[in-house]
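Participant: can't give you the sequence, but here's the structure:
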């Protein structure tokens, strides 16, 4: 079964970007195998703001080996080339999960993570904690959000940059 | 003088719920170095809110350790079960006073107090223990800061219940 994995870099105090969307504080540790990480996904999910920010940055993270799904109530498919736009998170996830493939990268932002968490659709949370305190910015999980129990699956320190990679499984909610 | 912060947080970066409660922390956490840390400090410095929260606990958690409660208003120290004194003023004055009295290692605690000391550049070490839970809202770990604070990672330990503790020093 394909898993939905929220994989992000986060400051020690819980932000995934600075107050103006800055990500210059994210250090890429040379020991992290980004190729292998990317290669474990073939689909990517993002919210409108993240998609628009990626567009501004010059096209964003899309690649030929990754289908990109943007969840938005306001974007129109005809304005967004190369990606699939939908306002139905549940339906999109159900379709993706029913199809064969690699894991699904929940790229962000925090708002989409919150919505999917509420629907019980996130399988793992993978956080690379960068050794910096930002004191403000775009939160990893914007309040108010559902409470969720996690189970630590893995942790690893990348000594060169002091990045602490944490991997958690999201505890399954009881069936409703 | 070295000032350290030893704090537990949810993965999403909250040290307490909005009402100040800590019910997301494990009831009976496995030992994760708190006693050893406490033994290494000469004094605790905390704000009034934290002091009053601790006063409500059944047991006084700090033994005979010197505790400095910061408040510009009078505090009811007579009910305290440990060695508590009151101080008021800017973080730099507090540190200078404690240094003059022989303290070499401080434990700074409480959301607002930690934030004030961080802003003043008076924290050297952060020990953050992450609890494997998302609580969705609450009191943030450090609050707003005027600029980024770079850290150097010193060590990380994981515990059987899923606590992950990382130790950092502030890069001057």
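Facilitator: Alright, I've got the coordinates. No experiment lies behind these values; they were computed from the predicted model shown. Numbering: from 1, shown residues only, chains lettered A, B, ... in the order given.

Participant: so how far is the first residue of stretch A:133-146 from its last?
Facilitator: End-to-end span of stretch A:133-146 (CA to CA, to the nearest Å): 24 Å.

Participant: Show me which positions of it end up buried.
Facilitator: Buried positions in stretch A:133-146, judged by neighbour count with 16 or more other CB atoms under 10 Å in any protein chain shown: A:133-141, A:145. (Glycine included, C-beta is placed from N, CA and C.)

Participant: Need the max-distance pair from these.
Facilitator: The span of the buried residues of stretch A:133-146, defined through CB to CB, is set by A:133 and A:145 at 21.5 Å.

Participant: So which bits of chain A are right by chain B?
Facilitator: A:12-15, A:25, A:117, A:125, A:127, A:129, A:131-136, A:139-141, A:143-152, A:155, A:157, A:159, A:161-164, A:166, A:168 (CB under 8 Å from any CB of the partner chain).

Participant: which of these count as buried?
Facilitator: So, of those, A:12-15, A:25, A:117, A:125, A:127, A:129, A:131-136, A:139-141, A:145, A:148, A:150, A:152, A:155, A:157, A:161-164, A:166, A:168 end up buried under the neighbour-count rule (16+ other CB under 10 Å).

Participant: So which residue is smack in the middle of the chain?
Facilitator: Picked chain A for this. residue A:107 (2.8 Å; CA atoms, centre = their mean).

Participant: that's the other chain; I wanted chain B
Facilitator: So for chain B, CA atoms, centre = their mean, it's residue B:109, sitting 2.4 Å from the centre.

Participant: and the closest residue to it other than its chain neighbours, what pLDDT?
Facilitator: Using CB to CB, 6 or more residues apart in numbering or on different chains and skipping the chain neighbours, the partner closest in space to residue B:109 is residue B:46 (4.5 Å). Residue B:46 carries a pLDDT value of 97.

Participant: Tell me who's in contact with residue A:133.
Facilitator: Neighbouring residues of residue A:133 by CB atoms under 8 Å, 6 or more residues apart in numbering or on different chains: A:11-13, B:118, B:126, B:142, B:145, B:148-149, B:151.

Participant: Tell me what it is bridged to.
Facilitator: The partner list for residue A:133 in beta bridges (DSSP bridges) reads residue B:149.

Participant: Now do it against residue B:168, distance only.
Facilitator: Separation of residue A:133 from residue B:168 (CB to CB, to the nearest Å): 9 Å.

Participant: what do those two both touch?
Facilitator: A:12, B:126, B:151.

Participant: Compute the first-to-last residue distance for stretch B:121-135.
Facilitator: 29 Å.

Participant: Surely residue B:130 is in contact with residue B:161?
Facilitator: No. Using CB atoms under 8 Å, residue B:130 is not in contact with residue B:161; the gap is 11.4 Å.

Participant: These two - which one has more neighbours?
Facilitator: Neighbours around residue B:130 and residue B:161, counted as other CB atoms under 10 Å in any protein chain shown, are more numerous at residue B:130. The numbers are 27 against 14.

Participant: Tell me the buried residues in stretch A:64-74?
Facilitator: Buried residues in stretch A:64-74, counted by 16+ other CB under 10 Å: A:66-72.

Participant: wait, residue A:31 sits on residue A:160?
Facilitator: Yes. With contact defined as CB under 8 Å, residue A:31 counts as touching residue A:160 (6.2 Å).

Participant: Which parts of chain B are helices?
Facilitator: Secondary structure of chain B (DSSP state H): helices at B:34-40, B:48-55, B:91-100, B:111-119.

Participant: Show me the one of those that comes nearest chain A.
Facilitator: Comparison of the helices of chain B against chain A by CB to the nearest CB identifies helix B:111-119 as nearest, at 7.3 Å.

Participant: ok, back up a step: reformat the shared contacts of residue A:133 and residue B:168 as JSON lines; add distance to residue B:62 and pLDDT.
Facilitator: Below are the shared contacts of residue A:133 and residue B:168 laid out as JSON lines (distance: CB to CB, whole Å; pLDDT from 0 to 100):
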{"residue": "A:12", "distance to residue B:62": "26", "pLDDT": "97"}
{"residue": "B:126", "distance to residue B:62": "20", "pLDDT": "98"}
{"residue": "B:151", "distance to residue B:62": "26", "pLDDT": "97"}
